[in-house]
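Engineer: predicted model, plus sequence, below.
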Amino acid sequence: MRSKKRFSKFLTFFSVIAALMLVLAGCGGSGGESKSSDQITIDIMQVKVEFNSQFKELAKIYEKENPGVKINITSVGGGTDYLSQLKTKFASGDEPTIFSLSGPVEVEQFKDKIVDLSETKAAELALEGTLDAVTTEDGQVIGLPYNLEGYGLIYNKNVFEKAGINAEEILTYEDLEKAVKTLNNKKEELGIEAVFALPGKEKWVMSNHLANVYLAPEFNHSVLEAWNSPTVAFEKSDEFKRMLDLQAKYSIQPVLNLDYSQQVEQYFSLESVAMIQQGNWVYPSIYQMDSDFAENSIGMIPIPAEGLEGHLPVGVPNYWAVNSNKDEKTIQAAKDFLDWMYTSETGKDYVLNEFKFIPAYEGYDADQISDPLSKTVYEYSEAGKTIGWVFSGYPVSWEPDTFGPNIQKYLDGKMSWDELIEDSIVSWEKLKK
């Protein structure tokens, strides 16, 4: 009797094992291969580290809504040369699906590796003028704008109030110089180490953003006019020099050792300096360091320029490009993700409230712009008091190889201002021949 029961149990056990083996075999067969082949991976490489964690959160939400899609995000910036790393990725064959480019100068270098995005929902909703820099002669749209951004002098309201300075009254260079000297004379009383933190280690802060304030007028504030120009005149060279000198003289020293993260996090967010030259993109970093300070105690004023007093530089900082070397399914998945990010309710909420972006697309409630820096940029844009961004139209390699290093040499005392200007003009003209 006992042997029969054992035999019966054995048969039952064997049957269960056999059934399990058949199920596992089925999973490992065509069904499993089909699931694997349907999985699409979107590798994103982009230049703005400020919203990296929020961007990854949004990607996770998209993955849950789209189980067949995996998104990997690499954010490069904050002192690291993004463009060099992007070129290395392409050279090695480890190419991203979606990557960021900053206008004509970078688009030109990757024009054979970018797909047309003109049929996307995002392209249809892009605000007027935001696609000009990435539209080809035959009408292809080869990039989608991240957002709108503006920059100027971000200041500590508490320090200004203590020093008896009304930031709204600073319009001219002379106004600014007077305020800077007042702040400098009261450093100990105000509890600051210096007036500015000029990150001389970051060429782009000076050669892109600061220089743009004084170069934009000669190109009629048009990035395409700059891109197509055979030369640069530096008509406002003297104004550019005195503004650079002012920041360098009253900055944390030595300026050539200061980088972006030190400027924003170590010195400004911890209230060790009164002002920094940066844009609304720094808000998330300041908020992470001190949310109360970010929400209630910071503001932004324009960098003074004669004839453009009270005008803020505003433009599209970067564009999303999709790699044409990928297969059709992956390319379509990339387009779908970009559309979802800018047109879905979830995506729009993140763009406004988590990324802290000023949207470059229709369909957003501007009243929801939450941070004070972005609100300032939006107000100047709405009022039409803006300076165009022309630095994205510099000749390829001019800024990183010549103009930027020349400014650093000048700050280091190894090049005169006249030599800086002359050499930079010669370089521009050579690159345009």
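Structural biologist: It's in. Numbering: from 1, shown residues only.
Engineer: contacts, neighbours, all on C-alpha from now
Structural biologist: Fine.
Engineer: quick one: pLDDT of Ser381?
Structural biologist: In this model, Ser381 is scored at 86, pLDDT.
Engineer: for this structure, name the helix or strand with the lowest mean pLDDT.
Structural biologist: Here the helix or strand of the chain ranked lowest by mean pLDDT, DSSP states H and E is helix 2-27, holding a mean of 43.
Engineer: buried residues in stretch 118-130?
Structural biologist: By neighbour count on 16 or more other C-alpha atoms under 10 Å, the buried set for stretch 118-130 is Ser118, Thr120, Lys121, Ala122, Ala123, Ala126, Leu127, Thr130.
Engineer: I misspoke; the intended subject was stretch 80-99.
Structural biologist: For stretch 80-99, a neighbour-count test (16+ other C-alpha under 10 Å) marks Tyr82, Leu83, Leu86, Glu95, Pro96, Thr97, Ile98, Phe99 as buried.
Engineer: out of those residues, which is nearest to Thr182?
Structural biologist: Thr182 lies nearest to Tyr82 out of those, by C-alpha to C-alpha, at 38.3 Å.
Engineer: pull out the CA atoms of stretch 212-222 and give them to me as PDB.
Structural biologist: This file holds the C-alpha atoms of stretch 212-222, laid out as PDB (Å, rounded to 0.1, in the frame of the first residue of the first chain):
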ATOM      1  CA  ASN A 212      27.100  87.900 -26.900                       C
ATOM      2  CA  VAL A 213      25.800  91.000 -25.100                       C
ATOM      3  CA  TYR A 214      28.200  93.100 -27.000                       C
ATOM      4  CA  LEU A 215      28.400  91.200 -30.300                       C
ATOM      5  CA  ALA A 216      24.600  90.700 -30.900                       C
ATOM      6  CA  PRO A 217      23.900  94.200 -32.100                       C
ATOM      7  CA  GLU A 218      26.400  94.000 -35.000                       C
ATOM      8  CA  PHE A 219      24.600  90.900 -36.200                       C
ATOM      9  CA  ASN A 220      21.200  92.400 -35.700                       C
ATOM     10  CA  HIS A 221      20.600  89.900 -32.900                       C
ATOM     11  CA  SER A 222      20.400  87.100 -35.500                       C
END
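Engineer: what's in contact with it?
Structural biologist: Stretch 212-222 is contacted by residues 225-226, 233-237, 239-240, 303, 305, 313, 387-391 when judged by C-alpha atoms under 8 Å, 6 or more residues apart in numbering.
Engineer: from those, list the buried ones, please.
Structural biologist: By neighbour count, with 16+ other C-alpha under 10 Å, these hold 225-226, 234, 236, 239-240, 303, 305, 313, 387-391 as buried.
Engineer: in strands, which of those residues appear?
Structural biologist: Among the buried ones among the contacts of stretch 212-222, DSSP state E puts Pro313, Ile387 in strands.
Engineer: can you name the two of the buried ones among the contacts of stretch 212-222 that are farthest apart?
Structural biologist: Glu225 and Ile303, at 22.6 Å, using C-alpha to C-alpha across those.
Engineer: turn the buried residues of stretch 80-99 into a markdown table, columns for distance to Glu202, pLDDT and secondary structure.
Structural biologist: Below are the buried residues of stretch 80-99 laid out as a markdown table (distance: C-alpha to C-alpha, whole Å; pLDDT from 0 to 100; DSSP: H, G, I helix; E, B strand; the rest coil):
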| residue | distance to Glu202 | pLDDT | secondary structure |
| --- | --- | --- | --- |
| Tyr82 | 13 | 91 | helix |
| Leu83 | 14 | 91 | helix |
| Leu86 | 18 | 95 | helix |
| Glu95 | 26 | 97 | coil |
| Pro96 | 25 | 98 | coil |
| Thr97 | 28 | 98 | coil |
| Ile98 | 25 | 98 | strand |
| Phe99 | 22 | 98 | strand |
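Engineer: measure Asp412 to Glu399 for me?
Structural biologist: Distance of Asp412 to Glu399, given as C-alpha to C-alpha, to the nearest Å: 18 Å.
Engineer: got the contact list for the closest residue to Ile331 other than its chain neighbours?
Structural biologist: Using C-alpha to C-alpha, 6 or more residues apart in numbering and skipping the chain neighbours, the partner closest in space to Ile331 is Val322 (6.9 Å). Each residue near Val322 by C-alpha under 8 Å, 6+ apart is listed here: Thr97, Ile98, Phe99, Lys113, Ile114, Val115, Gly143, Ile331, Ala334, Lys335.
Engineer: chain center to the helix or strand containing Val322, what's the gap?
Structural biologist: Taking DSSP states H and E as the criterion, Val322 maps to strand 319-322. The chain centre lies 13 Å from the centre of strand 319-322; the measure is C-alpha atoms, centre = their mean, to the nearest Å.
Engineer: same question for it, mean pLDDT?
Structural biologist: For strand 319-322, the mean per-residue pLDDT is 98.
Engineer: how about stretch 223-242?
Structural biologist: Averaging pLDDT along stretch 223-242 yields 96.
Engineer: what sits up against it?
Structural biologist: 104-105, 133, 210-211, 214-215, 218-219, 305, 388-395, 417, 421, 425, 428-429, 432-433.
Engineer: for Trp398, give its distance to Lys203.
Structural biologist: For Trp398, the distance to Lys203 equals 12 Å [C-alpha to C-alpha].
Engineer: returning to that earlier point: what's the closest of the contacts of Val322 to Ala59?
Structural biologist: The closest of the contacts of Val322, once distances to Ala59 are taken by C-alpha to C-alpha, is Ala334, at 11.8 Å.
Engineer: right, and that closest one touches Ile42 too?
Structural biologist: Yes: here Ala334 reaches Ile42: they are 6.6 Å apart, a contact under C-alpha atoms under 8 Å.
Engineer: look at these two and report which has more neighbours.
Structural biologist: A count of neighbours by other C-alpha atoms under 10 Å puts Ala334 above the other of Ala334 and Ile42, at 25 against 20.
Engineer: my read is that one is in a helix, agree?
Structural biologist: Yes: assignment of Ala334 by DSSP: H, G, I helix; E, B strand; the rest coil places it within a helix.
Engineer: for it, what are its contacts?
Structural biologist: Applying C-alpha under 8 Å, 6+ apart, the residues near Ala334 are Ile42, Thr97, Ile98, Val322.
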